[in-house]
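Colleague: dropping a prediction and its sequence here:
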Amino acid sequence: MMIRLLTLPLLLLNHSNFAGTRPNIVILYADDMGVADVSYGDPEAKIQTPHLDRLASQGMTFTDGHSSSGICTPSRFALLTGQHHWRRFHGIVGAFGGTVFEPDDFTIAKMFKNKGYRTGCFGKWHLGWDFDAIRKRGAKKGDPRAQSYDWTKRFPDGPLDQGFDYYFGDGTINFPPYCWIEGDRFVTIPTKPVIKSKPLAGAGSFRPGPMAESWNPYDILPTITQKTVEWISKQKKDQPFFAYLAFNSPHYPIVPNKPYHGKSKAGYYGDFVIETDAMVGKVMNALKKHGFADNTLVVFSADNGPETHAFERLEEFKQWSSGKYRGVKRDVYEGGHRVPFIVKWPSRIKKGLQSDEVVSQVDLAATFAKIINYPLGEKEAIDSYNFLPVLEGKKYSKPLRVATVQNTSPKKFALRQGDWVLIDAPTGAAKKEKKDYLDYFGLEPYGTGHKGLLFDLKNDPRQSKNLYSQYPSKVKKMRALLQSYLDGKPCAPNKQ
């Protein structure tokens, strides 16, 4: 019946006869969260995440799931477009920065809207806005003073310009302006320079810029979650919806609310993860309460690995957010981009499954397109693989991906192919690795004396044994494939 409905002429389709075959889609996106920060039912884990554990038990967990980058803006761009960030840029959008999108860019939100979905975005955006549109005449670019902007004007180039019907959030927790934005309008008006409105539970800082009088960093996580829950409650059964909730947590500043203090055995960071887990539970409960749970595909993942404070947690709490992997945020080592990756879809994904297939967040675009019968154009989602056969347990050519490119900075790329990963640089670390950390895991501080790194992840997940000089033929082939992608070859097989 599904096939017959999807092949009907478009003019005969409407929301009522179409919504039942198309699932609602919800993406829950954590910020700076390590692959080992989910407990997955392990009673010994220092951070207990019962709601994420339940989500995993009801769907499929990918043990080899990746973000496109080791930092946030690029990963978010890749997730929303199905195109690797490094084809256009590498860094994050800075304070008062403009949009990373071009006018005709494909996004999954535009795709869903094209197919009749309601689309909502909540929380962290960090993909740029048009500050020129609100800056007063005579004020310089990046002026941090509140009086330099007209807060009554439309704030363009945000989520509404990329296919979302609705947005509520604060933009980015540690970047100005520090206020609430709804749609493309300011709900609270910045009038003063940013200050730490309350002592922070954990570490963290805020870039200089205008702040609303009522702004409080502790409010952000519960508020964006509540706004998501309210939006879900207003959706209708005869029209599918796409919700993208981008948490500010557990990104620094670390601001878990008091009810969560002391709940983990990994300090305030662990407490912040536990509060994030509780917010996941609130969204899942809302889907169930309003009758959407059975027809909703839920994805939980993160934009990159844990911040470098993970080294301190290892020393103080013996908790390592990257698990058996090397690296942290910004690194092209596995810990920089191997992240939690859970997908639940009742009736289509069997419960409690685990997959070791390599998947990337860029693959969500082609997978969603297949699910809703959207024909991707030749230049749309050019790096995206459809992993629906993996989710449904159907036959497919293994491995799914020919290769996977990982990147954070302009001159440092990694290529994953099967069990092997080539790092085309002397080190995979973005910053100097701490000696205590290297000694703890018995790692060598790579960086000099060789042109690159080659690891067999199957036998060496910690990336401790460089095999670069032992396999020159493999290095040559992998480097040539990497260069072909960098020269413009699409990663997705149907685009080549």
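Modeller: That came in fine, so what should we check first? Computed from a predicted model, the values in this text were never measured in an experiment. Residues are numbered from 1 along each chain as shown.
Colleague: residue nearest the centroid of this structure?
Modeller: A centroid search over the chain (CA atoms, centre = their mean) returns residue 303, at 3.1 Å, as the residue closest to the centre.
Colleague: correct me if wrong: that residue contacts residue 75.
Modeller: Yes: Residue 303 lies in contact with residue 75 (CB atoms under 8 Å); the separation is 4.1 Å. Glycine gets a C-beta too; all of them are placed from N, C-alpha and C.
Colleague: need the overlap of contacts for these two.
Modeller: Both residue 303 and residue 75 are in contact with 67, 69, where contact means CB atoms under 8 Å, 6 or more residues apart in numbering.
Colleague: picking up where we left off before, who are the contact partners of the residue nearest to the centre of the chain?
Modeller: Shown in contact with residue 303 (CB under 8 Å, 6+ apart): 29-32, 67, 69, 71-72, 75-76, 79, 339.
Colleague: try it again at 7 Å.
Modeller: Contacts were defined as CB atoms under 7 Å, 6 or more residues apart in numbering; by that measure residue 303 touches 29, 31, 67, 72, 75-76.
Colleague: farthest-apart pair in these, please.
Modeller: With CB to CB as the measure, no two of the contacts of residue 303 lie farther apart than 31 and 67, at 10.9 Å.
Colleague: which of those two has more residues huddled nearby?
Modeller: Between residue 31 and residue 67, counting by other CB atoms under 10 Å, residue 67 is the more crowded of the two (28 against 24).
Colleague: the more buried one reaches residue 305, doesn't it?
Modeller: No: contact status for residue 67 versus residue 305: not in contact, 8.2 Å apart, counting by CB atoms under 7 Å.
Colleague: and the residue nearest to the centre of the chain, how far is that from residue 142?
Modeller: Remark: distance between residue 303 and residue 142 (CB to CB, to the nearest Å) = 24 Å.
Colleague: cool, residue 164 as well?
Modeller: 26 Å.
Colleague: host element of residue 244?
Modeller: Element membership for residue 244 (DSSP states H and E) is strand 241-246.
Colleague: quick one: name whatever helix or strand follows that strand.
Modeller: helix 267-289.
Colleague: ok and that following helix relative to strand 241-246, angle-wise?
Modeller: Per axes from the mean of the first three to the mean of the last three CA atoms, to 10 degrees, the angle that helix 267-289 makes with strand 241-246 is 170 degrees.
Colleague: what packs against helix 267-289?
Modeller: Taking 3 or more CB pairs under 7 Å, 6 or more residues apart in numbering; DSSP states H and E as contact, the helices and strands that helix 267-289 lies on are strand 24-30, helix 50-57, helix 220-233, helix 310-317.
Colleague: buried ones in that helix?
Modeller: Neighbour-count burial for helix 267-289, counted by 16 or more other CB atoms under 10 Å, picks out 267-281, 283-284, 286-287.
Colleague: equivalent analysis for stretch 222-242, please.
Modeller: Burial within stretch 222-242, assessed by neighbour count using 16+ other CB under 10 Å, is assigned to 223-229, 231-232, 235, 239-242.
Colleague: can I get those residues in CSV including pLDDT and distance to residue 448?
Modeller: Compiled in CSV, these are given as follows (pLDDT from 0 to 100; distance: CB to CB, whole Å):
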residue, pLDDT, distance to residue 448
223, 98, 48
224, 98, 45
225, 98, 47
226, 98, 51
227, 98, 50
228, 98, 48
229, 98, 52
231, 98, 52
232, 98, 53
235, 98, 56
239, 97, 59
240, 98, 54
241, 98, 53
242, 99, 48
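Colleague: from those, pick the one nearest residue 348.
Modeller: residue 240 (14.5 Å).
Colleague: in contact with the closest one, which residues?
Modeller: When contacts are counted by CB under 7 Å, 6+ apart, residue 240 touches 19, 22-24, 117.
Colleague: likewise residue 305?
Modeller: Applying CB under 7 Å, 6+ apart to residue 305 gives the contacts 34-35, 70, 322, 327-329, 335-339.
Colleague: just the helices in this protein please.
Modeller: Secondary structure of the chain (DSSP state H): helices located at 2-6, 15-18, 50-57, 72-81, 108-114, 220-233, 267-289, 310-317, 334-337, 363-371, 388-392, 435-441, 472-486.
Colleague: deepest-packed of the ones you listed, please.
Modeller: Of all the helices of the chain, helix 334-337 has the most neighbours on average by mean count of other CB atoms under 10 Å, namely a mean of 30.
Colleague: hmm, who's touching that helix?
Modeller: With CB under 7 Å, 6+ apart as the test, helix 334-337 has contacts from 34, 66-67, 69-70, 304-305, 322, 325-330, 406, 408, 463.
Colleague: export it to PDB, keeping only CA atoms.
Modeller: Written as PDB, here are the backbone C-alpha positions of helix 334-337 (Å, rounded to 0.1, in the frame of the first residue of the first chain):
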ATOM      1  CA  GLU A 334      38.300   9.300  16.300                       C
ATOM      2  CA  GLY A 335      37.200  11.000  19.600                       C
ATOM      3  CA  GLY A 336      36.800  14.300  17.800                       C
ATOM      4  CA  HIS A 337      34.000  13.100  15.500                       C
END
